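# Next input, structure requested:
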Amino acid sequence: MFHFLARRTSAVARPVRLLGSVHTRLSSIGFSLILLSLAASGCGGDDYADPVPVSGKVTLDGQPLGGGTVRFVPADREKAKPGRGEIQTDGSYKATTDVENDGLIPAEYSVFFDNPETSEVTAKDEGGGVNIPPKYLAPGTSGLTLSVTGETSSADFVLAN
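Modelled structure (predicted):
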């Protein structure tokens, strides 16, 4: 009887081991297919249109802003990436997303601004000073929008205290 149990145990164990082996192989194949599909699709998310050059000038009360950052938030983040542009001393900027000065992806954007990193006290002591009014510091309060089409765009922003 002992011999019969040993054989029976061994016969039952083999199919379980075989199923485990098949399950492991199927899991490995499934995982490999998932990785392959993610790699082929660019990890699921760079299906944007080509960026379009966007540049312009920012003024505050008729004078070039002279510092800070203009920010662009797309209305639909599945169709476009956020963008930004460093404002130069003459008030000019060039918009960029991932590559410097690549422009913005055609879409609708809300626009807002960041103050320069220099503190207000330091800027005033140096004879200059950029103090962007608070309403322009958030996309929900700035009231500024930009529509970028498939052509080169020039977008000037006129801010007022």
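
# Now do the contacts for the residue nearest to residue 135 when sequence neighbours are not counted.
Distance criterion C-beta to C-beta, 6 or more residues apart in numbering; nearest residue to residue 135, sequence neighbours excluded, is residue 141 at 4.9 Å. Just so you know, the C-beta spots here come from the backbone N, C-alpha and C atoms, and that holds for glycine as well. When contacts are counted by C-beta atoms under 8 Å, 6 or more residues apart in numbering, residue 141 touches 112, 134-135.

# residues near residue 83, how many?
Using other C-beta atoms under 10 Å, residue 83 has 25 neighbouring residues.

# Residue 100 is in contact with that one, correct?
No: taking contacts as C-beta atoms under 8 Å, residue 83 lies outside contact range of residue 100: 11.6 Å.

# could the contacts of residue 141 be laid out in CSV, adding distance to residue 56, pLDDT and neighbour count?
Below are the contacts of residue 141 laid out as CSV (distance: C-beta to C-beta, whole Å; pLDDT from 0 to 100; neighbours: other C-beta atoms under 10 Å):
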residue, distance to residue 56, pLDDT, neighbour count
112, 15, 97, 21
134, 22, 93, 9
135, 19, 95, 16
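
# What segments of the chain are helices?
With DSSP state H as the criterion, the chain has helices at 2-40, 120-125, 139-142.

# circling back to that earlier point, name the member of the contacts of residue 141 with the shortest distance to residue 93.
Set against residue 93, the nearest of the contacts of residue 141 by C-beta to C-beta is residue 112 (13.2 Å).

# Residue 84 versus that closest one, what's the distance?
Per C-beta to C-beta, to the nearest Å, residue 112 is found 10 Å from residue 84.
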